[in-house]
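Novice: Got a sequence here, can you build the structure:
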Amino acid sequence: MNFFSMIMNDKTRYLRLCILAWGSGFIYLLPYIRYTFYDPLQKALGLDHTAFGVSMSAYGLCALVTYWPGGWLADRISARKLLSFSYLSTGLLGFYFATYPSYVMTIIIHGAWGICTTLTFWAAFIRATKDMAGAAEQGKFFGLLEGIRGLVSTIASFVVVAIFAKFAAEQDGLTWSLYFISAGTVSASFLTWFFFEDSKELEPSPSLVQDIILTIKSPLVWAVAVIVFCCYSVMALGSYMTPYLTEVMGISVASAAFWATFWTYGCQFLAGPVGGIIGDRVGSRPNVLFVAYILLLATAVFIYLSPVDTSWAQILIFMFIALFAAMYAIRGVYFTLIEDLKIPSTTSGAAIGFASVIGFAPDAFMYTWAGNILDTHKGAEGYRILFGASTALSAMGVLVSGIVAYYVYKKRVTANVR
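Specialist: Numbers count the residues shown, from 1 in each chain. A predicted model of the protein is given here:
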């Protein structure tokens, strides 16, 4: 390959990375649009809180049970086909959802979104990034992807809010917001279809059962799953830091919302790429992951031990930013372990699927548990329990990531000796 071809190939890779970030930034806005427009969406659908919650549970359940078979699928079908289908089907369902269908159809749409954003999307999305990066740039590409998709989601969210604000009637604003998100998601389908190539055939193992057995028996895959689980759990509990600032520390709602936006999106945009790029530069992504987990633990301990004193509010805001920065640095690196641990390419999709089932399981129970804690233990006491749980999970992450870093180090030493 001549120099010109290398330059063009690199440009193509970054173009595809931006397309992946565009699609992944849009595709989850539809099922999670209630986070931005809870009241107007509930009113437009004519549902009470329980029925509205059931629709999201349908999404979560379908997503959870399809992570693993999605990995198996990603080992057998081109990422180009899977991703294009996911974006197109999710977006078209979004246009239909904008008609505010019946309760039964609302549940069906959310269940279908769970399948389209997981079974045919998630493992293919991770695998496409992994294959695009190559062995030497896993951290860089996963980190950049994490940052750019955060930027896309942020900009798209602000545009949606601006669209909503332009209409006097709430439902009209909501409808055009849904149109915008759906159109953005569908556009990712066409971009993926025209700019991606079908992946090479990998000769995967012959059956789903065999892949399941190989994956379950691998302690390396379990290690990746636990590392993802710990980080994602702390992130879920981190969503309660905003009400802690308002209810306990006396910060205004507007100020808390501003800082929450910064540590949620700003840290994703900045820390995700930094963690991945540093991992590639120092030549040991597992070591960077281990250090990031140590920073996460140190910050979690500080928050847990901090006094309930309004004079500490500004210090806590800084520590919350540090906590989220460490989490996004971890997120920018943890799926690179599939490459670093030398998990076979023929089952890497299944490994990603299994790690995602375990890693993202907090979606199914963490919010219910945390809500119950806050209802049972009023005031600062309940939040202290949540901060304690974050500390314990961070400590578990330090332990497992440390074991993984040592394992990779020993493998390299042994390989060099040979």
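Novice: My guess is F360 contacts V228. True?
Specialist: Yes. Between F360 and V228 there is a contact under Cβ atoms under 8 Å: 7.2 Å. The C-beta positions use only the backbone N, C-alpha and C, and glycine is treated the same way.
Novice: neighbour-wise, which of these two wins?
Specialist: V228 (25 against 21; other Cβ atoms under 10 Å).
Novice: Find the residue closest to that one in space, skipping its chain neighbours.
Specialist: Nearest residue to V228 in three dimensions, chain neighbours excluded: G359, at 2.8 Å (Cβ to Cβ, 6 or more residues apart in numbering).
Novice: ok, how many other residues are close to the one you found?
Specialist: 23.
Novice: which secondary structure elements does the helix or strand I403 falls within contact?
Specialist: Assessed by DSSP states H and E, I403 sits inside helix 380-417. Judged by 3 or more Cβ pairs under 8 Å, 6 or more residues apart in numbering; DSSP states H and E, the packing partners of helix 380-417 are helix 219-238, helix 285-305, helix 362-376.
Novice: any chance of the ones you listed in TSV, with distance to S348 too?
Specialist: Output for the helices and strands packed on helix 380-417, formatted as TSV (distance: least, Cβ to Cβ, whole Å):
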stretch	distance to S348
helix 219-238	10
helix 285-305	16
helix 362-376	23
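Novice: In TSV, list those helices along with mean pLDDT.
Specialist: Output for the helices and strands packed on helix 380-417, formatted as TSV (pLDDT from 0 to 100):
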stretch	mean pLDDT
helix 219-238	90
helix 285-305	94
helix 362-376	81
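Novice: Out of the ones you listed, the one nearest G266 is which?
Specialist: Checking those against G266 by Cβ to Cβ gives helix 219-238 as the closest, at 13.9 Å.
Novice: which stretches of the stretch 301-418 of the chain have low pLDDT?
Specialist: Counting by pLDDT under 70, the stretch 301-418 of the chain shows low-confidence ranges at 345-346, 413, 415-418.
Novice: How about the contacts made by the closest residue to V408 other than its chain neighbours?
Specialist: Distance criterion Cβ to Cβ, 6+ apart; nearest residue to V408, sequence neighbours excluded, is P286 at 4.7 Å. Each residue near P286 by Cβ atoms under 8 Å, 6 or more residues apart in numbering is listed here: 337, 340, 401, 404-405, 408-409.
Novice: again, 6 Å this time
Specialist: Shown in contact with P286 (Cβ atoms under 6 Å, 6 or more residues apart in numbering): 340, 404-405, 408.
Novice: next one: T310
Specialist: 249-250.
Novice: and what of Y293?
Specialist: With Cβ under 6 Å, 6+ apart, Y293 has these contacts: 397-398, 401.
Novice: And the residues you listed, which is closest to W259?
Specialist: G397 (24.3 Å).
Novice: and the closest one, how many neighbours does it have?
Specialist: G397 is flanked by 30 other residues according to other Cβ under 10 Å.
Novice: do the same with the one 10 residues further on
Specialist: Taking other Cβ under 10 Å as the neighbour definition, Y407 ends up with a count of 16.
Novice: ok, so what distance separates it from I338?
Specialist: Distance of Y407 to I338, computed by Cβ to Cβ, to the nearest Å: 14 Å.
Novice: ok so, going back, report the inter-axis angle for the helix holding I403 versus helix 285-305.
Specialist: Relative orientation of helix 380-417 versus helix 285-305 (axes from the mean of the first three to the mean of the last three Cα atoms, to 10 degrees): 160 degrees.
Novice: how near is the spatially closest residue to F360 that is not a sequence neighbour to R149?
Specialist: Spatial nearest neighbour of F360, chain neighbours left out: Y232 (5.8 Å); criterion: Cβ to Cβ, 6+ apart. Applying Cβ to Cβ, the value for Y232 to R149 is 16 Å.
Novice: about what we covered before: double-check the residue nearest to V228 against A225; I have them as touching.
Specialist: Yes. Contact criterion Cβ atoms under 6 Å: G359 and A225 qualify, at 5.5 Å.
Novice: In a markdown table, list the contacts of Y293 along with distance to G139.
Specialist: Below are the contacts of Y293 laid out as a markdown table (distance: Cβ to Cβ, whole Å):
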| residue | distance to G139 |
| --- | --- |
| G397 | 18 |
| V398 | 19 |
| S401 | 14 |
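Novice: And these, which is closest to M327?
Specialist: Nearest member of those to M327, counting by Cβ to Cβ, is G397, at 9.9 Å.
Novice: mind checking how far the closest one is from S86?
Specialist: On the measure of Cβ to Cβ, G397 and S86 end up 30 Å apart.
Novice: before we move on, what about T347?
Specialist: Relative to S86, T347 is positioned 22 Å away (Cβ to Cβ).
Novice: Which positions in the helix holding I403 come out as buried?
Specialist: Buried residues in helix 380-417, defined by neighbour count with 16 or more other Cβ atoms under 10 Å: 382-387, 389-398, 400-405, 407-408.
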